[in-house]
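Enquirer: below is the structure, and that's it, no one-letter string:
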């Protein structure tokens, strides 16, 4: 029984090391320790990294803020880009939504991870549901982003063609591979 437990523990360490290495940090995880000591998986470097993270609480901060190599596969970056775009271009984006198209809505749909073929469907949806998406003058950019993403998930045509995975791949500067998303 002890040998079996040891075998599972070793497999877990190997899996964690590979996953951590793929993320750009070592087994100690992301945070200030990852920035200072990198993804060197030697015992000493991981102890130093984990101790640094624990002493400064930087891992928790990094995970919640998406900094210090702490990102969930690019989700934080993609969401930040969507929010920033909506904030900076809010009036133009609303005008494009009401009109059912335009350069700001086209760019925003790319940030949302929409395929080119789905963009006209998204444009029509934002036009048809404009009052739902922007119910009052007090509606802010983040409210609109959330409302659009909710409507995308509710529409099967858009849900299949505007994906978080595609948005994440775009945010990371990687090509989106349909086969790996399934």
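Expert: Happy to help now that I have it. Here the structure is a predicted model, which is why all the values come from computation and not from measurement.
Enquirer: any idea how the protein splits into domains?
Expert: Per the record, the chain has its domains at 2-65, 75-173, by automatic domain parsing.
Enquirer: now do the helices in this protein.
Expert: 2-23, 32-37, 43-56, 58-65, 75-88, 90-99, 103-111, 119-128, 130-133, 141-154, 156-161, 164-171, 178-181 (DSSP state H).
Enquirer: quick revisit: lowest-confidence stretch among the domains of the chain?
Expert: Ranked by mean pLDDT, those bottom out at domain 2-65, with a mean of 59.
Enquirer: could the helices of the chain be laid out in TSV, adding mean neighbour count?
Expert: (Each C-beta comes from the backbone N, C-alpha and C, glycine too.) Shown next, in TSV, are those (neighbours: other C-beta atoms under 10 Å):
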stretch	mean neighbour count
helix 2-23	11
helix 32-37	21
helix 43-56	16
helix 58-65	17
helix 75-88	17
helix 90-99	17
helix 103-111	19
helix 119-128	19
helix 130-133	14
helix 141-154	17
helix 156-161	14
helix 164-171	20
helix 178-181	8
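Enquirer: any idea how far the closest residue to residue 56 other than its chain neighbours lies from residue 165?
Expert: Excluding its sequence neighbours, the residue lying closest to residue 56 (C-beta to C-beta, 6 or more residues apart in numbering) is residue 32, at 5.4 Å. The gap separating residue 32 from residue 165 is 29 Å, by C-beta to C-beta, to the nearest Å.
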